[in-house]
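Asker: Could you look at this predicted model? Sequence included:
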Amino acid sequence: MSMRVAKPQKTFDDQLERLVSHLKTQKLSLPGIELKVLEADVKAQREEKQADMELLARYEAAHQHFIVAQAERYARYMKVVKILRATHSDDPVKLRSLDQFKRPRGKKNAEPLPSPAPVAPKPAPLPGPGLAPRPAGKTKGKGRG
């Protein structure tokens with residue numbers, strides 16, 4: 001089980017520095033709290049936050065490069081699949097062998113269902129007595145306004 005970690009606000013480093021400054025100017029001391037430790041916390045917070053921001057920027061640049069390159073690879077892949085389908089459009093056996101390159105549809109890991117036989121659409125039922133359609137723009141009950 002993982003432990004929850006509190007996520008402070010974005011301005012935490014500024015607030016920590018102001019708190020240390022406040023403790024210094026007011027000459028406050030608290031039992032079990034060393035000012036030198038808090039000053040070291042401010043320095044560590046600033047350095048680690050800067051390193052984190054740089055790492056995040058490098059990740060975002062690498063991820064963007066990956067996304068663009070992947071799109072280019074996918075375009076080439078689709079071009080080849082389309083050419084193969086067009087080339088073998090008159091050969092059902094070869095076309096079926098290309099089915100493995102179709103984009104999956106529906107739920108993951110779902111068994112493909114056999115396609116149902118086409119069913120003729122049912123005609124819309126005629127309204128019975130007292131069930132005539134309402135004229136457009138008319139509403140039931142009192143109108144709002």
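Answerer: Okay, I see it.
Asker: After the longest helix seen in the chain, which helix or strand is next?
Answerer: When the chain is scanned for its longest helix (criterion: DSSP state H), the result is helix 35-87. Of the helices and strands lying after helix 35-87 in sequence (DSSP states H and E), the nearest is helix 92-97.
Asker: Show me which positions of that next one end up buried.
Answerer: Residues of helix 92-97 include none that count as buried (16 or more other Cβ atoms under 10 Å). To be clear about C-beta, it is placed using only N, CA and C from the backbone, and glycine gets the same treatment.
Asker: I'd like the distance from that helix to the chain centre, please.
Answerer: What separates the centre of helix 92-97 from the centre of its chain is 36 Å, taken as Cα atoms, centre = their mean, to the nearest Å.
Asker: same deal with stretch 54-66?
Answerer: 17 Å.
Asker: From the rest of the structure, what touches it?
Answerer: Applying Cβ atoms under 8 Å, 6 or more residues apart in numbering, stretch 54-66 turns out to have no external contacts.
Asker: what about the chain, any weak spots by pLDDT?
Answerer: 1, 107-145 (pLDDT under 70).
Asker: related to what we said a few turns ago, how far does the longest helix of the chain sit from the chain's center?
Answerer: 15 Å.
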